[in-house]
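> Would you be able to build a 3D model of this:
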Amino acid sequence: RGMAALEPPAHRMEAVLRRDHVVWINDSKATNVEATLVGVDGLEKRAVVLLGGQAKKNPATGGLGFGKLAQALERHRAVITFGADGPLIADELTAEGCSCECVSPGGLEAATSRAAQLCQPGAFLLGASSAFGSATISVSVLLELCSALLAGSQTGQ
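Below is the predicted model of the structure:
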């Protein structure tokens, strides 16, 4: 009973929107690769994983370190990167052999739109590598975009 009653803290693997058999999960507390890896590994269903923002570069290697996620992402549907470091994140994942679809369509709106196109029953994860200001603001923007996209898909837009 004790474990079942536990709730994740806000912004950590938090189900924030459920619609059309799709669960949108906010993991914006995952502000580093290791925390994102824990979130990705914890997903029970195949997901479309959103990664982006402005990543923290490793001063020793000059890289972002997202290659560490490649193996964990293998079982998921797709990775969509966005923001300032989106293309670099996608490049690192591809270089490490990530075989699921990995695209970098640009900003958060384009990434969310692409995620909605790939939408299948399952989960969506927002794993922000770094904030674009405030994680709370980022998540509210994401939720607005998700709601608008899903509403548009229901009305045929």
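
> Tell me the buried residues in stretch 33-52?
By 16 or more other C-beta atoms under 10 Å, the buried positions in stretch 33-52 come out as 33, 35-37, 39-40, 43, 47-52. Just so you know, the C-beta spots here come from the backbone N, C-alpha and C atoms, and that holds for glycine as well.

> Make JSON lines from the residues you listed and add pLDDT and secondary structure to it.
Formatted as JSON lines, those follow (pLDDT from 0 to 100; DSSP: H, G, I helix; E, B strand; the rest coil):
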{"residue": "33", "pLDDT": "85", "secondary structure": "helix"}
{"residue": "35", "pLDDT": "85", "secondary structure": "helix"}
{"residue": "36", "pLDDT": "86", "secondary structure": "helix"}
{"residue": "37", "pLDDT": "89", "secondary structure": "helix"}
{"residue": "39", "pLDDT": "85", "secondary structure": "helix"}
{"residue": "40", "pLDDT": "88", "secondary structure": "helix"}
{"residue": "43", "pLDDT": "83", "secondary structure": "coil"}
{"residue": "47", "pLDDT": "86", "secondary structure": "strand"}
{"residue": "48", "pLDDT": "87", "secondary structure": "strand"}
{"residue": "49", "pLDDT": "88", "secondary structure": "strand"}
{"residue": "50", "pLDDT": "86", "secondary structure": "strand"}
{"residue": "51", "pLDDT": "87", "secondary structure": "strand"}
{"residue": "52", "pLDDT": "82", "secondary structure": "strand"}
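
> mean confidence score for the helix or strand hosting residue 24?
For residue 24, the host element (DSSP states H and E) is strand 22-26. For strand 22-26, mean pLDDT rounds to 78.
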